[in-house]
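1. Only the shape, not the letters, is given here:
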């Protein structure tokens, strides 16, 4: 698989996997989103950046079912959807890695990968006694991690709290990638990580993209964004100020647009 | 248990990461990892040491009759500890377990004796009381988002008052009851040992709950909810429903506890078991279950209940005043919670 094969589309010839139109979300008198549209195409990394309070989180929450937009439309593979809760988005193949990771520290890696969608043993043991297929899930977890090229997690029976920040992030991303059939959303995946761990996570993002899975990446970190993103959606004051590419604009340009010092 | 560095050769690019792992495996942290992985291990060690020490102090301690007596003394608290463990695993606490059990036992006894309702039906009514009490606790915790400590502090008083109102403060004697109600107080011989059916019932409950907690998705969700409620919710676990089902399950266990209590004391008394709620928490905590939720083992609670029973029995056989038993239990609690804190710091 080559990078060019999945290079970012700059034209609208292809159908977006995820399409948002004129999303509006208000909290009392505060306008969180003021008519935001967004397109996510197959095999691209779309970064969403913006200052605090620009509506990044609200936008992501509306896309992943954590918030319900007041008005506006959302389409998955061309079909209009109405997400009422995160599970609805999940059913449509949109998996989110939240900033606070959403992993259960005391549970092991395999249990975390399958948390909330455990698999039962076949036959009576599973149907009558509701027994979990622990071995099977561990095997599949291992396969999934290998497939994603996450080599730092050899033992899937280790409790997640024994892992480093980067490894935990890898578990969270692996869970999203394993079940996210269409879109993976990563909210500030490198915020709490060191340099080396950040690089591991960014590599994981590239690997997901190269496997054809589009990624929405929310980040404050400009170098990281410019490193992996194919296109960059800049939020400002509840609106999309511009959608740029790392090729068309520099980091300084992006910051200028973000802060309102320049127009796109 | 496989150590990380032996699980497979890390790829060359991550060699430095593997070193990090090797650095972390000091002997102390290895012990901590093992204790962390097997929460019932520390109480098992304590139990073993206690048995050996008390066995040396007094040769009567290790006699079969004495050991059988300890298990019988532990049957009621051990059963309450099951309910308590379920709730503590969800990072809650239930101060009302003793009160619910007593209320249930009074309903069972009164219905059978005063209202002439057949024994099995009275037991089902007792089960309904346990479930209703659990539903009330669970409803207040999940719907009004009140802390379980406050909810069960309130319902503790409510249930105690209800028990006294309902029973008029009078005790129902076992001799007046249908035999099925006192059946769990009976014993049967296995070789030279007399086994109490109440103890068998308690162990049966442990087996069932251990299976559910360890082998089913529901059990895993109970741990996940107690571990990190928000993470569980984001992973798609219906947190409120899991919590509600935990309180209901606890209520059902407490109803069985009421049956065991009637058999054990051969009576149903509204004044019995005032401090049973604290004893059950003691058993759970000594058993290595974390009060912060998400960590622990149901078997640990059985061990915890046994440890308390053995300390009380052993110290009294050693001729020490009852005060020292209480002192010892107090020290045990502090030590157990300190160990838990230490184990929780497993990741620096």
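-> Arrived safely, thanks for sending. Computed from a prediction, not measured in an experiment: that's the story for all the values here. Numbering: from 1, shown residues only, chains lettered A, B, ... in the order given.
2. Using the three-state scheme, assign the spatially most central residue of chain B.
-> Geometric centre of chain B, nearest residue: residue B:81, 1.7 Å, by CA atoms, centre = their mean. Using DSSP: H, G, I helix; E, B strand; the rest coil, the structure places residue B:81 in helix.
3. likewise residue A:26?
-> Residue A:26 - assigned by three-state DSSP - is strand.
4. helices or strands next to the helix-or-strand element of chain A with minimal mean pLDDT in the packing?
-> Of the helices and strands making up chain A, the lowest-confidence element is helix A:165-179, at a mean of 83, by mean pLDDT, DSSP states H and E. Judged by 3 or more CB pairs under 8 Å, 6 or more residues apart in numbering or on different chains; DSSP states H and E, the packing partners of helix A:165-179 are strand A:94-97, helix A:109-113, helix A:134-147, strand A:183-187, helix A:195-210. For glycine as for every other residue, the C-beta is placed from the backbone atoms N, C-alpha and C.
5. what do you get if the cut-off is 6 Å, keeping everything else the same?
-> Applying 3 or more CB pairs under 6 Å, 6 or more residues apart in numbering or on different chains; DSSP states H and E, we find helix A:165-179 packed against strand A:94-97, helix A:109-113, helix A:134-147, helix A:195-210.
6. can you give me the strands in chain B?
-> B:172-173, B:187-190, B:193-196, B:267-268 (DSSP state E).
7. Export those strands to TSV and append columns for distance to residue A:259 and mean neighbour count.
-> Converted to TSV, the strands of chain B look like this (distance: least, CB to CB, whole Å; neighbours: other CB atoms under 10 Å in any protein chain shown):
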stretch	distance to residue A:259	mean neighbour count
strand B:172-173	78	18
strand B:187-190	80	10
strand B:193-196	76	16
strand B:267-268	74	26
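8. So for residue B:238, which of those sits nearest?
-> strand B:267-268 (37.2 Å; CB to CB).
9. Out of the helices and strands packed on helix A:165-179, the one nearest chain B is which?
-> helix A:109-113 (6.1 Å; CB to the nearest CB).
10. Let me know the next secondary structure element after the closest one.
-> Using DSSP states H and E, the helix or strand that follows helix A:109-113 in sequence is helix A:124-127.
11. Check whether that following helix comes into contact with chain B.
-> No: Helix A:124-127 stays clear of chain B (CB under 6 Å from any CB of the partner chain), getting no nearer than 9.0 Å.
12. who's in contact with that helix?
-> A:120, A:131 (CB atoms under 6 Å, 6 or more residues apart in numbering or on different chains).
13. Give the rounded mean pLDDT of it.
-> For helix A:124-127, mean pLDDT is 87.
14. still on that earlier bit, how close does the residue nearest to the centre of chain B sit to residue B:245?
-> As judged by CB to CB, to the nearest Å, residue B:81 and residue B:245 stand 19 Å apart.
15. got it, and residue A:168?
-> For residue A:168 relative to residue B:245 (CB to CB), the value is 29 Å.
16. Who has more neighbours out of the two?
-> residue A:168 (23 against 17; other CB atoms under 10 Å in any protein chain shown).
17. how close does that one sit to residue A:189?
-> For residue A:168, the distance to residue A:189 - CB to CB - is 11 Å.
18. got a pLDDT number for residue B:157?
-> Confidence score, pLDDT, at residue B:157: 95.
19. what's the answer for residue B:333, then?
-> Looking at residue B:333, the pLDDT reads 87.
20. same thing with residue A:228?
-> The predicted local confidence for residue A:228 is 94.
21. Then the one 10 residues further on?
-> Each residue has a pLDDT score; the one for residue A:238 is 91.
22. The strands of chain B: which one's closest to chain A?
-> Across the strands of chain B, closest to chain A is strand B:193-196 (CB to the nearest CB), at 27.0 Å.
23. Neighbouring strands of the closest one in the sheet, and parallel or not?
-> Strand B:193-196 sits in its sheet next to strand B:187-190 (antiparallel), going by DSSP bridges.
24. Show residues contacting the partner strand.
-> Counting by CB under 6 Å, 6+ apart, B:194-196 sit against strand B:187-190.
25. With pLDDT added, can I get those residues in a markdown table?
-> Shown next, in a markdown table, are the contacts of strand B:187-190 (pLDDT from 0 to 100):
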| residue | pLDDT |
| --- | --- |
| B:194 | 82 |
| B:195 | 87 |
| B:196 | 91 |
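26. Leaving out sequence neighbours, find the closest residue to the residue of the stretch 51-200 of chain B found nearest chain A.
-> When scored by CB to the nearest CB, the stretch 51-200 of chain B has residue B:89 as its residue closest to chain A, at 10.1 Å. Nearest-residue entry for residue B:89: residue B:226, 4.7 Å, with adjacent residues in sequence omitted and distances by CB to CB, 6 or more residues apart in numbering or on different chains.
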